[in-house]
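# Just a sequence and a predicted model for now, questions to come.
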Amino acid sequence: MGAHFYWYVVDYEPDIGAALEALRRREFAAGRYHPAMRFPPFPVTADSPAPGPRHRSINDALEASDADGTRSILDLDRIASAPDYGAVTRLSDEILMSLYGTTRPTREMVEPDCEFSEDLERGQGVYIVLYRGDAPSEILFAGYSFD
């Protein structure tokens, strides 16, 4: 089976780690992870299925997903300064400039193509601060599943 790309957009929070953790808790509570759902749908919207958690904790869900991973943001549990398995790193200014012609892309520039996804490895993720005008407005978190 091949790896699956996933992404989420959340409201901007200056503490990227806190935003990541809040997103992980939200998606766990919604049950949008494997094995609670075989293939969670993306992008996540207000109309996305939310069957609720099938495990007592995120750690229990990670154990139950085995080598496949959860196919969701639950697989990424920290912010790192360099790419690493299970971690989210900031997409570099060089890549942002190359893809979008700016270091302050808008959501409309990044979605729906997510051109940066071609450079991601399985089990790793990135984040991009998205702008509206000159102000940060959202954070996009993205990754590839392990399977």
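Done, it's in.
# Mind giving me the packing neighbours of the helix or strand harbouring Thr89?
Using DSSP states H and E, Thr89 sits within strand 87-90. Where contact means 3 or more CB pairs under 8 Å, 6 or more residues apart in numbering; DSSP states H and E, strand 87-90 is packed against helix 16-30, strand 78-79, strand 125-132. Bear in mind the C-beta positions are built from the backbone N, C-alpha and C, glycine included.
# Could you spell out the sheet neighbours of it, each with its direction?
Sheet pairing for strand 87-90, assigned by DSSP bridges, gives strand 78-79 (parallel), strand 125-132 (parallel).
# which of those is buried the deepest?
With neighbours defined as mean count of other CB atoms under 10 Å, the strands paired with strand 87-90 peak in mean count at strand 125-132, which reaches a mean of 21.
# so how far is the strand holding Thr89 from its chain's centroid?
9 Å (CA atoms, centre = their mean, to the nearest Å).
# List the buried residues of it.
87-89 (16 or more other CB atoms under 10 Å).
# Contacts for that strand next, please.
Strand 87-90 has contacts (CB atoms under 8 Å, 6 or more residues apart in numbering) with 16, 20, 76-83, 124-129, 141, 143.
# Over to stretch 57-74?
1, 4, 6, 8, 20, 23-25, 27-28, 32-36, 39-40, 53-55, 75, 123, 125, 141, 143, 145-147.
# out of everything not next to it in sequence, what's closest to Asp11?
Counting by CB to CB, 6 or more residues apart in numbering, Asp11 lies nearest to Glu138, which is 6.1 Å off, once chain neighbours are set aside.
# State the distance from the one you found to Leu130.
Separation of Glu138 from Leu130 (CB to CB, to the nearest Å) stands at 4 Å.
# Convert the helix or strand containing Asn59 to CSV, retaining C-alpha atoms only.
In this assignment (DSSP H and E), Asn59 forms part of helix 58-65. The C-alpha coordinates for helix 58-65 follow below in CSV (Å, rounded to 0.1, in the frame of the first residue of the first chain):
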residue,chain,number,x,y,z
ILE,A,58,-3.8,9.0,21.1
ASN,A,59,-1.0,6.6,22.3
ASP,A,60,-3.5,3.7,22.2
ALA,A,61,-4.5,4.8,18.6
LEU,A,62,-0.9,4.9,17.6
GLU,A,63,-0.3,1.4,19.0
ALA,A,64,-3.4,0.0,17.2
SER,A,65,-2.3,1.5,13.9
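# Thanks a lot, see you next time.
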